[in-house]
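S.K.: Sequence first, predicted coordinates after that:
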Amino acid sequence: MARSPEAAATVGRTRWRRFGLAAGAGVGAVGLIGYLGATGAFALSFSFSGIPFQLSADSLSGTHFVQYAFPDKLASSAGASALNNGAGALINGSGSINNTASAGGSTYASDTVTQLGSATISNLAQSICAPTPLGNAIRVTIAGSGDTTASNLVIQAPALTASGANFNNFTIGESVGSALAGQGFAPNNDFTDPYGALSGQPIGGSFAQGADRVTLTSIKQVGVGTEAGSFNISGLKLYAEFVSSC
């Protein structure tokens, strides 16, 4: 499916239409997600918001791993402070990391894009928070028990930690195009080139790393977007709660 470079480079979405979630979330949850979409927390119609979400998992194992950096365009600068502070808290325990920059009237996030042909995630948990007109905030939590499986997975994460990382047939320093081709990804595929990385400059020839297989343990992540061809959660739980602030 072809997309324009402008639409492809906007950040902060989860492509729910493509997720294989066999669960009845209920009318109330659907209405809530609609509200969060209106505030920019959940981005509908494939629009990225840039508001970060928190993710944790016991482990992730995947095949056809490719990872590279990319300046992702945010829909607005509203989430920049939360993104910088969230990344700083995860990596350093406090403070902020300079994850955002402005250029040409737009705000960009310094993103690490990870692409996997297939992945298995153990005990996934994710939360996202957005302010309300009531003076408080709503936090939505999505969790799974057991294994979550995904295909053609693309993760945009400015910050990630893991207690361990193991790579098989690891390469460092390839161009983005070479790394994607080396893992069997076709150029300009909707999932393998989501931001026009192969044809754009300078990212098309920039630094990347790849591996045939990767395993991460005890993962914590600050993310701004996720895409998948299929995403199947075992034992899904989704709930929303009011909190004083995000």
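M.R.: Great, that's in hand.

S.K.: Show me what the longest strand along the chain pairs with in its sheet, parallel or antiparallel.
M.R.: As assigned by DSSP state E, the longest strand anywhere in the chain is strand 53-74. Partners of strand 53-74 in the sheet, by DSSP bridges, are strand 10-11 (parallel), strand 106-122 (antiparallel), strand 125-131 (antiparallel), strand 207-223 (antiparallel).

S.K.: Now do the buried residues in the second one.
M.R.: Neighbour counts over strand 106-122 (16 or more other CB atoms under 10 Å) mark 107-119, 121-122 as buried. Every C-beta, even on glycine, is put in place using the N, C-alpha and C of the backbone.

S.K.: Please state the offset of it from the chain centre?
M.R.: Relative to the centre of its chain, strand 106-122 is centred 5 Å away, using CA atoms, centre = their mean, to the nearest Å.

S.K.: rewinding a little: after the longest strand of the chain, next one along is what?
M.R.: helix 80-92 (DSSP states H and E).

S.K.: Return the list of helices and strands in contact with that following helix.
M.R.: strand 100-103, strand 106-122, strand 159-161, strand 207-223 (3 or more CB pairs under 8 Å, 6 or more residues apart in numbering; DSSP states H and E).

S.K.: Compare those strands and give me the one nearest residue 145.
M.R.: Residue 145 lies closest to strand 106-122 among the helices and strands packed on helix 80-92, at 9.6 Å (CB to CB).

S.K.: for the closest one, what is the average pLDDT?
M.R.: Strand 106-122 shows an average pLDDT of 88 in the prediction.

S.K.: Then stretch 213-226?
M.R.: Summarised as a single mean, pLDDT over stretch 213-226 is 92.

S.K.: Identify each buried residue in it, please.
M.R.: By neighbour count on 16+ other CB under 10 Å, the buried set for stretch 213-226 is 213, 214, 215, 216, 219, 221, 222, 223, 224, 225, 226.
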